[in-house]
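Visitor: A structural model of the following input is requested.
(2 chains)
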Protein chains: 2
Amino acid sequence: MSEQGFVVWFTGLSGSGKSTLAEALAPVLRERGRRIEILDGDIVRTNLSKGLGFSKEDRDANIRRIGFVANLLARNGVGVITAAISPYRAIREENRALVEGDGGAFIEVHAAATVEQCEARDVKGLYAKARAGEITGFTGVDDPYEPPAAPEVRCETGADPPETSLRQIIACLEARGLAPAARS
Amino acid sequence: MSEQGFVVWFTGLSGSGKSTLAEALAPVLRERGRRIEILDGDIVRTNLSKGLGFSKEDRDANIRRIGFVANLLARNGVGVITAAISPYRAIREENRALVEGDGGAFIEVHAAATVEQCEARDVKGLYAKARAGEITGFTGVDDPYEPPAAPEVRCETGADPPETSLRQIIACLEARGLAPAARS
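Guide: Residues are numbered from 1 along each chain as shown, chains lettered A, B, ... in the order given. Below is the predicted model:
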C-alpha cells in the first residue's frame, strides 16, 4: 500500500514502438510485484474518447483524459504505462505536473524513431495512406510532433532492438526505486 | 495489496443525496484503512466527458466511462464511490458485469428520494428550471429514471437523515468484508 505510484509516459510517432515496449514492460514489473495498468492510445480512444477526432483541440482533450485516469491510478499506488503519440509538449507537461503534484513519479520515455524509420516499417500502412492523402492530420507527415526536451529515458527505437530500450527503462525505474530488484 | 476492490455505485435523481452520502462515506472508509476515490458526476463530465450532452446516447457513454475508470481502480484494490444519476438500468448492469468480471465487488446504492421530495428541496434550482422548460431532458421531469430492481442498499434519502443512510451502507460493506471494523 505504501509503494509510490508512477506513470511511464511513452511518447513518439506512430509505429515508433510505444505499444511494443509497453506490452514488454508490464509483465516485467508485475513479476516484481507491482500492480500495473496499460493505457494504450487505442483502448483509451474506444473507452474514454469516442467522438474525439485528431484536431489539436481533440488530441489535447484525449491526452488530458489519459493523464486524469493515469493520475487516479498512480495516486493509489498503481504503476501506469501510457502509450499514446501525445505529440504536444505542453499537454505532456500538464500531465506531469498533475501526477507529481499528487505524489506520483512521472517517467517520460521518448520512443525516438524518426519519421523515416517509422515510415520504412509502416506496420499499419498508415504512413502510406497519409502520403497518399487518404488520412490527414497524421503526426509526422502533416501534423506536428514536439519531441521532449529532457525525457527521463530516450530510446533509439529506430535503431536498437526492443530489449535494449526495455533495459534502459527498467534501469531508470530501478534507480528511482519504482521497480524492486528482480527475484533470483 | 490483497484487499478486494469495490465500487459503491450510487444511483438516484438529481438532489436525492448521492454526492452528500459519497462525501460522508469516503472519510469513514479511509479512516478504516481503505484507499478511496470518488467519481462524482460533475467531476467526470469535466475531466472525461466534456462535449457529451444529455441525450440517452450521451448519458450512456458518460456512464460507461465512469464504469471503465471505476473498474480500472477497483481491480487494483481501490474502493471507488460513484455519484452520477445513472438513470438507465441496462448500463448500470453493464458496469456491474465489468467490475464483477474483474474480481471487484459492485454495491449498488439507490438514493430513493422521489421526484416530489427532490423537487421540494431543489437545492440547485434545477427542478424549477426544468418545470419552466429552461432545461429539457431532465431526469424525473421529462426524461426517464429506471430505479434498480434489487440494489444492495436502498436508502430512503427523502425521509431519513444522511446518518441513517450512511449506517446502512457501512453495514452492507462490513457484511461483505469490504470495510474493516472501526478502530476503537
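Visitor: quick check: A:S55 vs chain B, distance?
Guide: If you measure A:S55 against chain B using CB to the nearest CB, to the nearest Å, the figure is 12 Å. Glycine gets a C-beta too; all of them are placed from N, C-alpha and C.
Visitor: so which elements touch the helix or strand where A:V7 lies?
Guide: Element membership for A:V7 (DSSP states H and E) is strand A:6-12. Helices and strands touching strand A:6-12, by 3 or more CB pairs under 8 Å, 6 or more residues apart in numbering or on different chains; DSSP states H and E, are helix A:18-31, helix A:56-74, strand A:79-83, helix A:89-101, strand A:105-111, helix A:162-175.
Visitor: how does it look with 7 Å?
Guide: Packed against strand A:6-12 by the contact rule (3 or more CB pairs under 7 Å, 6 or more residues apart in numbering or on different chains; DSSP states H and E) you find helix A:18-31, helix A:56-74, strand A:79-83, helix A:89-101, strand A:105-111.
Visitor: which positions in the helix or strand of chain A with the lowest mean pLDDT come out as buried?
Guide: Across the helices and strands of chain A, mean confidence by mean pLDDT, DSSP states H and E is lowest for helix A:41-47: a mean of 88. Neighbour-count burial for helix A:41-47 flags A:41, A:44-45, A:47 (criterion: 16 or more other CB atoms under 10 Å in any protein chain shown).
Visitor: now, which of those lie close to chain B?
Guide: A:N47 (CB under 7 Å from any CB of the partner chain).
Visitor: show me what from chain A comes close to chain B.
Guide: Contact residues, chain A versus chain B (CB under 7 Å from any CB): A:1, A:35, A:37, A:47-48, A:50-51, A:61, A:65, A:68-69, A:72-73, A:76, A:78.
Visitor: where in chain A is pLDDT low?
Guide: Along chain A, segments meeting pLDDT under 70 span A:1-2, A:182-184.
Visitor: buried stuff in stretch A:16-23?
Guide: Using 16+ other CB under 10 Å as the burial criterion, the residues of stretch A:16-23 that qualify are A:16-22.
Visitor: related to what we said a few turns ago, show me the two of the residues of chain A next to chain B that sit farthest apart.
Guide: Farthest pair in the residues of chain A next to chain B (CB to CB) is A:M1 and A:G51. Separation: 36.8 Å.
Visitor: relative to helix A:18-31, how tilted is the strand holding A:V7?
Guide: Angle, strand A:6-12 to helix A:18-31, by axes from the mean of the first three to the mean of the last three CA atoms, to 10 degrees: 160 degrees.
Visitor: alpha carbons only: can I get strand A:6-12 in CSV?
Guide: Provided in CSV are the C-alpha atoms of strand A:6-12 (Å, rounded to 0.1, in the frame of the first residue of the first chain):
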residue,chain,number,x,y,z
PHE,A,6,4.1,6.1,-11.1
VAL,A,7,3.4,6.8,-14.7
VAL,A,8,5.7,5.7,-17.5
TRP,A,9,4.6,8.1,-20.2
PHE,A,10,5.6,6.9,-23.7
THR,A,11,5.6,9.5,-26.4
GLY,A,12,6.6,9.1,-30.0
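Visitor: coming back round to it: could you export the buried residues of stretch A:16-23 as JSON lines, including distance to B:I85?
Guide: Listed next are these as JSON lines, based on distance: CB to CB, whole Å:
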{"residue": "A:S16", "distance to B:I85": "42"}
{"residue": "A:G17", "distance to B:I85": "43"}
{"residue": "A:K18", "distance to B:I85": "37"}
{"residue": "A:S19", "distance to B:I85": "36"}
{"residue": "A:T20", "distance to B:I85": "41"}
{"residue": "A:L21", "distance to B:I85": "41"}
{"residue": "A:A22", "distance to B:I85": "35"}
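Visitor: from those residues, which single one is nearest chain B?
Guide: Each of these was checked against chain B using CB to the nearest CB; the closest is A:A22, at 15.3 Å.
Visitor: ok, now which ones touch the nearest residue to that closest one once chain neighbours are set aside?
Guide: Nearest non-adjacent residue to A:A22, counting by CB to CB, 6 or more residues apart in numbering or on different chains: A:A83, 4.2 Å away. By CB atoms under 7 Å, 6 or more residues apart in numbering or on different chains, the residues touching A:A83 are A:10, A:18-19, A:22, A:38, A:40-41.
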